[in-house]
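Novice: What follows is a predicted structure for the sequence shown.
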Amino acid sequence: MIDFSLPPDRVYERISAWQLLDSSVTLPLLSQQVVWVAAGSDERMGIANGQPDRFASPSATHFWTGQPWLTGGETLAYMTHHLLSRHLILPIPDAWMIALTALIGKAIALLLRRHSARWSLAHHLQVSSMLIGIPIVYGAIGLQLYISVALSFPWLFPSLVFLAYVLPQTRRENHD
């Protein structure tokens with residue numbers, strides 16, 4: 001996975017070809033750096049004739065640069081940076097988290113079924129609000145783990161599976 005949330009100035013330095021070839025321009029520690037020679041924003045160079053080496057910019061990169069596109073050279077710079085700095089993101093598989101939330105959701109649903117018959121309407125609303133808040137807290141914890149430890153947790157489908165198990169148990173059935 002490529003982490004485009006880093007600002008480009010922390011990942012690479014863009015210089016033009018003439019600066020690289022000009023002997024009067026001093027570049028610091030060029031022998032200790034990786035140099036990518038890439039097409040950049042030149043319309044004449046790219047994948048094929050008339051197709052520049054660009055694709056839609058991810059939201060984070062668009063925020064940092066204001067460009068609606070990202071070049072292949074910039075993507076290679078991000079990948080090289082991640083490999084050299086060991087900034088590798090470990091994705092947790094969706095199936096694992098869906099299975100785990102299904103088990104947790106089923107266990108909570110069984111507990112709710114056992115105890116919800118004697119609850120008042122206010123208590124049903126309180127429990128429903130708490131159960132809806134659990135995926136929000138899980139999302140915040142997952143985001144913090146992504147930022148701190150570079151672990152990427154899936155959020156949407158595990159949260160939907162959890163809510164599909166627990167929310168039907170919070171409905172109050174009126175038998176009047």
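Specialist: Thanks, I have the structure now.

Novice: how is this protein carved up into domains?
Specialist: Domains of the chain are assigned by automatic domain parsing as 8-84, 90-170.

Novice: What score does D42 have for pLDDT?
Specialist: On pLDDT, D42 comes in at 65.

Novice: Beta-bridge partners for the nearest residue to W69 once chain neighbours are set aside, please?
Specialist: Spatial nearest neighbour of W69, chain neighbours left out: R54 (4.2 Å); criterion: CB to CB, 6 or more residues apart in numbering. No exception for glycine: its C-beta is placed from N, CA and C like everyone else's. Assessed by DSSP bridges, R54 has beta-bridge partners T71.

Novice: show me what contacts the residue nearest the centre of the chain?
Specialist: Centroid-nearest residue in the chain, with CA atoms, centre = their mean: S152, separated by 6.6 Å. Neighbouring residues of S152 by CB atoms under 8 Å, 6 or more residues apart in numbering: 1, 89-92, 142, 146.

Novice: Tell me the spacing between it and F4.
Specialist: 13 Å (CB to CB, to the nearest Å).

Novice: Just the pLDDT at the nearest residue to I89 once chain neighbours are set aside, thanks.
Specialist: Distance criterion CB to CB, 6+ apart; nearest residue to I89, sequence neighbours excluded, is M1 at 4.3 Å. With respect to pLDDT, M1 scores 81.

Novice: now S31
Specialist: Reported pLDDT for S31: 65.

Novice: do the same with S23
Specialist: 68.

Novice: Please apply the same query to the one 3 residues further on.
Specialist: In this model, T26 is scored at 67, pLDDT.

Novice: is it true that A164 touches I108?
Specialist: No. Counting by CB atoms under 8 Å, A164 sits too far from I108 to count as a contact (11.9 Å).

Novice: neighbour count winner among those two?
Specialist: I108 (17 against 13; other CB atoms under 10 Å).

Novice: What distance do you get for the more buried one to D9?
Specialist: 46 Å.

Novice: The chain: strands as residue ranges?
Specialist: 46-48, 51-52, 54-56, 69-71, 90-91, 151-152 (DSSP state E).

Novice: what lines up beside the last one in the sheet?
Specialist: Strand 151-152 pairs in its sheet with strand 90-91 (parallel), by DSSP bridges.

Novice: quick one: the strand it pairs with to chain centroid distance?
Specialist: From the chain centre to the centre of strand 90-91 is a distance of 10 Å (CA atoms, centre = their mean, to the nearest Å).

Novice: contact partners of it?
Specialist: Residues contacting strand 90-91 (CB under 8 Å, 6+ apart): 1, 150-152.

Novice: Mark which of those are buried, thanks.
Specialist: Taking 16 or more other CB atoms under 10 Å as the criterion, what is buried in those is 150, 152.
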